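> Provided below for reference: sequence and predicted model.
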Amino acid sequence: MATKEYPAIWLQAAGCTGCSVSLLNVINPSIKNLLVDEVLPGSHINLRFHATVMAGAGAPAIQVMADTSRQKKGGYILIVEGAIPTAEDGIYGVIGEKDGKPMTMQSWVETLAKDALAVVALGSCAAFGGIPAAHPNPTQCRSVADVLQAKGINTPLVNVPGCPPHPDWFVGTVANVLLSGLPKPEDLDEYRRPKAFYGQTIHENCPRRAYYDENKFAKKFGDLGCNYELGCRGPITHADCPVRLWNSKVNWCVGCGATCIGCTEPGFFDIAPLYEKTSEAALPEEV
Ligand code: FSX
Ligand code: SF4
Ligand code: SF4
């Protein structure tokens, strides 16, 4: 069977590279399986540009992006990590040059998204603005969705938030596209997150839920009890961390005694100080 190639471009905008590092730690498939082998029988992702992992640099590497959008029009996947700085025509974030002038992240996203098969906004910065867009947002960082909407670009877009996102959320989303085509509207929630990974709240599956239901709350970190009064945002956060677990199923945020900081939700960084109880995280019956 001939292998079908899916060219992919991975753009890094305003972020911390944590999304890339998270994916590099993927366990099953391994990152080697993902990038070198067939990710599914008969399908190979041909990652043509990724500033952190590629060996190429300078003008020839930048040229690969322009060549891919021209030669593979409508057939490549654009993955964007990080928010898009838009103040002053986007000059706070640039990737390479064209004719001696810096190319902004904003212009790359607009140009590459226009002709892509699909766009994956990976991580909460790309999906919602995240930490770079937190108040007062001097560079006017925006989500990929906002930037595309402002230009009337309608390429199918899937958000895979998390700060960082779990590697399975990305691999599962891409594998689904390769297996079954682009997600149908009913596969995504109101924030364009795949329901397969973001369909339930943390609180619904938390092993400390029994404490919550019995009003046994931890007063300080390390106490037995539910971490709600320490600022846990599990009740308003959609992700499958309690059942999927992180780092090869070793643990997850509440499992190791911390709170869920709501990292998959829009504006999580501006809701309130991270370790303070916030009425924003109250359950509907408490409001
Ligand atoms: Fe954002 Fe990616 Fe948070 Fe970092 O670059 S989702 S800051 S973990 O890693 O974009
Ligand atoms: Fe778990 Fe947090 Fe819900 Fe408490 S508030 S049960 S710690 S998710
Ligand atoms: Fe993010 Fe909450 Fe999952 Fe931790 S438990 S990774 S803060 S969604």
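Now that the structure is in, tell me what you want to look at. Ligands and ions are numbered 1, 2, ... in the order given.

> show me which residues of the stretch 101-250 of the chain sit near ligand 1.
Near ligand 1, the residues belonging to the stretch 101-250 of the chain are 123-125, 130-131, 163-164 when assessed by CB under 6 Å from any ligand atom. All C-beta spots, glycine's among them, are computed from the backbone N, C-alpha and C.

> could you identify the most distant pair in those residues?
I131 and P164 (11.2 Å; CB to CB).

> please say which of the two ends up with more neighbours.
Neighbour totals were compared for I131 and P164, and P164 leads with 25 against 20 (other CB atoms under 10 Å).

> tell me the SS of the more buried one?
Applying DSSP: H, G, I helix; E, B strand; the rest coil to P164 yields a three-state assignment of coil.

> could you do the one 10 residues further on as well?
Secondary structure, three-state DSSP: V174 is helix.

> measure it to I261 for me?
Here the distance between V174 and I261 works out to 26 Å (CB to CB, to the nearest Å).

> who has more neighbours, the two?
Comparing V174 with I261 by neighbour count (other CB under 10 Å), the higher total belongs to V174, at 24 against 19.

> out of the residues of the stretch 101-250 of the chain next to ligand 1, which are inside helices?
Of the positions in those, 124-125 sit in helices, assigned by DSSP state H.

> how close does the residue in the chain sticking out farthest from the centre sit to ligand 2?
For the chain, the C-alpha farthest from the mean C-alpha position belongs to E214; by CA atoms, centre = their mean, that distance is 34.6 Å. The span separating E214 from ligand 2 equals 11 Å under the rule CB to the nearest ligand atom, to the nearest Å.

> just give the closest residue to the closest residue to ligand 2 within the chain, not the sequence neighbours.
Distance from ligand 2 to each residue of the chain (CB to the nearest ligand atom) is smallest for G234, at 2.2 Å. Spatial nearest neighbour of G234, excluding adjacent residues (CB to CB, 6 or more residues apart in numbering): I202 at 3.6 Å.
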